[in-house]
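Colleague: sequence plus predicted model, see below.
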Amino acid sequence: MAVRTDYDAVVIGAGFSGMYLLKTLRENGLRVRVFDRAHDVGGTWYWNRYPGARCDVESLYYSYSFSEELQQEWRWTERYAAQPEILDYARHVADRFDLRRDISLGTEVRSAAFDPAGDRWLVRAGGAEVAARFLIAAVGCLSTTSMPDYPGLADFRGEAHHTGDWPDEPVEFTGKRVAVVGTGSSGIQTITAIAGEPEHLTVFQRTPNFSVPARNRPLDDEEQRQVKAGYARLRETLRRSFSGLPTERLERNALEVPREEFQAALDRNWRRGGLGFPGVFQDTLADPAANELSAEYVRERIREVVDDPRTAELLCPRDFPLGTKRLCVDTGYYEVFNRDDVELVDVRERPIERITPSGIRQGGRDFELDVIVFATGFDAMTGALNRIDIRGADGRLLREEWAEGPRTYLGLASAGFPNLFLVTGPGSPSVLSNMMVSIEQHVEWIAGHLRYLRDRGLTRSEADAEAQRRWDEHVAEVASLTLFPRAASWYAGANVPGKPRLFMPYVGGVGTYREICDAVAADGYRGFVLS
Ligand code: FAD
Ligand code: N01
């Protein structure tokens, strides 16, 4: 097929990353084309329309900071906005900055090959092939769903949906027999939202998760006014912080403070609600004994809420340290299990055997069902990239290069794949942070790098293999100083059968990471081979 058009950059994905890339690169004078297989912008917030879907980072901070006008004019209705409102926000951004004219929706990128003769990428998107100097993957860390390979699924006569690929039209639960498989953030939000609607709700749980109260509430004008008055300074603090979240971090060890002080700090954060809980004491994510103190605090709260002691114990997480799998944030999750029409089924010892035409068979029992919700997560961080045939300078496939796990320099680039950049890729703080902070930092860094190349008449940038090896080593070393690798988490690829086990995100913190990236840039993009 003939090459149709030459672009300076092709961006894959029109979520928050892709949209900000388009805006920034366009302002720098580049010709950009964005492709997304979705039929609207918004990425995560387009696909995850399941009941109860909302953010777990407060909306006043889980939002773009690049435009003072935008952040002042947009009004969030709740502390944690629900999915429709976040999708509206994404659409508003697309319209306000006139982004849509350069975005091709409903267009999947299936392959991309680097052409060393022209220092450009040839990208197959939809039915066309386009060429671009730079290829930027803004494909999302949680955009490729993971479905267990249950026998019989195709024969199920009821409705079955994955939370990450939810239909447009509302799914009816009222009076039906419903199952939810999976108790991560998506499962917990779905279960809490729909409880009471079905005639009977069965929750299939393999591993209980830690969930803390969100304390969601409407946002009044005065609170918004106050935050917005200090937005610029606040956003800068988040950029320099550990996780990009406005949370309390005591420079103290849980094991060293008096018990009353420990209890008071956790009580305070429990009342405040939200994700800050594991970061209050600095040893919680590093010392098993310290972690156990906070973990037991959460278990006590579960036992207080759940009436039936056996159910309460089943819901108490014990398999991994608190905070080493993404903490869940809920509004009344544990209370659901006091309802007569809700049943918790433990599938750890006796997994789901098969899907039958009329439901689920597990532990020798047949569950008759009308609707099954699969809240079984994602092929995270590498799934979307590995689905594309990305061929580098010598024709090698990225997914083969990453067969033992992803290899990157700064999470931004991979040796052998010139002029390819990744947004919130493995090896960067990414999913361990407020993603908006990390997205903006990556987009601005990439835009700065492309400016640097253009100003010097350079056409090629490639991560140096040795710099990449050192960075990967550093990422692994920092992770090994924490408790994170002790969890069989999606951070480490443990949720997808056959996926290599490697702790993917960078645990060094967004502030430190930003300093490293800025220093690399200031040093003439040290670790990149430019020509
Ligand atoms: P995405 O939003 O995932 O967008 C990537 C886009 O790329 C998708 O639209 C996809 O269709 C497209 N794409 C991928 N491959 C291709 C291809 N081959 N061809 C064409 N298009 C392709 N993070 C937080 O910090 N706070 C939160 O509160 C939070 N809540 C979340 C709630 C849910 C339910 C989920 C699943 C994730 C949440 N996250 C949260 C993480 C969230 O993914 C990021 O915050 C952010 O939205 C990611 O934006 P993105 O543009 O990088 O990726
Ligand atoms: O996915 P998950 P998710 N049989 O992987 C279970 C973000 N997010 O979509 O733990 C039985 O966390 C699996 O069990 P186990 C956030 O970053 C944010 O819920 O592997 N069960 C687990 O319980 C989050 O971390 C929000 O033993 C099976 C569940 O399915 C990330 O997205 C909301 C199974 C999957 O949990 C992913 O969350 C939603 C099987 N064969 C998502 N296979 C907010 O609140 C899997 N499971 C902002």
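Modeller: Here it is on my side, so go on. All of these numbers come straight from a predicted model, not from anything done at the bench. Ligands and ions are numbered 1, 2, ... in the order given.

Colleague: got a list of what the spatially closest residue to Thr356 that is not a sequence neighbour touches?
Modeller: Once flanking residues are discounted, Thr356 sits nearest to Gly152: 5.8 Å by CB to CB, 6 or more residues apart in numbering. Using the backbone N, CA and C atoms, a C-beta is placed for each residue, glycine as well. Gly152 makes contact with Arg354, Ile355, Thr356, Pro357 under the criterion CB atoms under 8 Å, 6 or more residues apart in numbering.

Colleague: with respect to Ala113, which of those is nearest?
Modeller: Ile355 (39.1 Å; CB to CB).

Colleague: which positions in the chain make contact with ligand 2?
Modeller: When proximity is defined by CB under 6 Å from any ligand atom, the chain lies next to ligand 2 at 55-56, 142, 148, 163, 181-187, 189, 204, 206-207, 326, 329, 347, 351-352, 375-378, 431, 490, 495.

Colleague: switch to 5 Å and redo it
Modeller: Counting by CB under 5 Å from any ligand atom, the chain comes close to ligand 2 at 55-56, 142, 148, 182-186, 206-207, 326, 376-377, 490, 495.

Colleague: now, of the residues you listed, which are buried?
Modeller: 55-56, 142, 182-186, 206-207, 326, 376-377, 490, 495 (16 or more other CB atoms under 10 Å).

Colleague: these in helices, which ones?
Modeller: Counted as lying in helices by DSSP state H, out of these, are Ser185, Ser186.

Colleague: enumerate the residues of this structure near ligand 1.
Modeller: 13, 15-17, 35-38, 43-44, 48, 55-57, 62, 108-109, 139-140, 142-143, 384, 388, 434-435.

Colleague: just checking, next helix/strand downstream of the longest strand seen in the chain?
Modeller: If you go by DSSP state E, the chain has its longest strand at strand 128-137. Per DSSP states H and E, the first helix or strand lying C-terminal to strand 128-137 is strand 159-162.

Colleague: longest helix of this structure, counting residues only.
Modeller: For the chain, the longest helix by residue count, based on DSSP H, is helix 435-455.

Colleague: quick one: distance of that helix to the chain centre.
Modeller: Distance of helix 435-455 from its chain centroid, counting by CA atoms, centre = their mean, to the nearest Å, is 20 Å.

Colleague: give me the mean pLDDT for the next helix or strand along the chain from that helix.
Modeller: Per DSSP H and E, the first helix or strand lying C-terminal to helix 435-455 is strand 461-463. On average, the pLDDT along strand 461-463 is 98.

Colleague: coming back round to it: now the contacts of Gly152: which count as buried?
Modeller: The neighbour count (16+ other CB under 10 Å) marks Ile355, Thr356 as buried among the contacts of Gly152.

Colleague: let's see which of the contacts of Gly152 end up in strands.
Modeller: With strands identified by DSSP E, the entries of the contacts of Gly152 that belong to them are Arg354, Ile355, Thr356.

Colleague: run a quick neighbour tally on Ser162.
Modeller: Not Ser; residue 162 is His. When counting by other CB atoms under 10 Å, one arrives at 22 neighbours for His162.

Colleague: verify the contact between it and Met147 for me.
Modeller: Yes: counting by CB atoms under 8 Å, His162 does reach Met147; the two are 6.1 Å apart.

Colleague: and the helices in the stretch 201-350 of the chain?
Modeller: Here the stretch 201-350 of the chain has its helices, by DSSP state H, counting those that start in this stretch, at 221-229, 231-239, 259-272, 288-305, 309-315.

Colleague: and these: which comes nearest Glu27?
Modeller: Comparing the helices of the stretch 201-350 of the chain under CB to CB, the one sitting nearest is helix 231-239, at 19.3 Å.

Colleague: mind listing what the closest residue to ligand 1 within the stretch 101-250 of the chain touches?
Modeller: Ligand 1 sits closest to Gly140 of the stretch 101-250 of the chain, with a gap of 2.1 Å, by CB to the nearest ligand atom. For Gly140, the contact set (CB under 8 Å, 6+ apart) comprises Gly13, Gly15, Ser17, Gly43, Thr44, Ala384.

Colleague: of these - the most surrounded one?
Modeller: Highest neighbour count within the contacts of Gly140, by other CB under 10 Å: Ser17, with 29 neighbours.

Colleague: tell me how far the residue lying closest to that one once chain neighbours are set aside lies from Thr247.
Modeller: Spatial nearest neighbour of Ser17, excluding adjacent residues (CB to CB, 6+ apart): Ala138 at 3.6 Å. According to CB to CB, to the nearest Å, Ala138 stands 27 Å off from Thr247.

Colleague: of these two, give the one with the bigger neighbour count.
Modeller: Neighbours were counted for Ala138 and for Thr247 using other CB under 10 Å; Ala138 has more, 30 against 20.

Colleague: quick check: the more buried one touching Leu22?
Modeller: No: assessed by CB under 8 Å, Ala138 is found out of contact with Leu22, at 9.2 Å.

Colleague: overlap in contacts of the two?
Modeller: Joint contacts of Ala138 and Leu22 (CB under 8 Å, 6+ apart) are Val11, Ala14.
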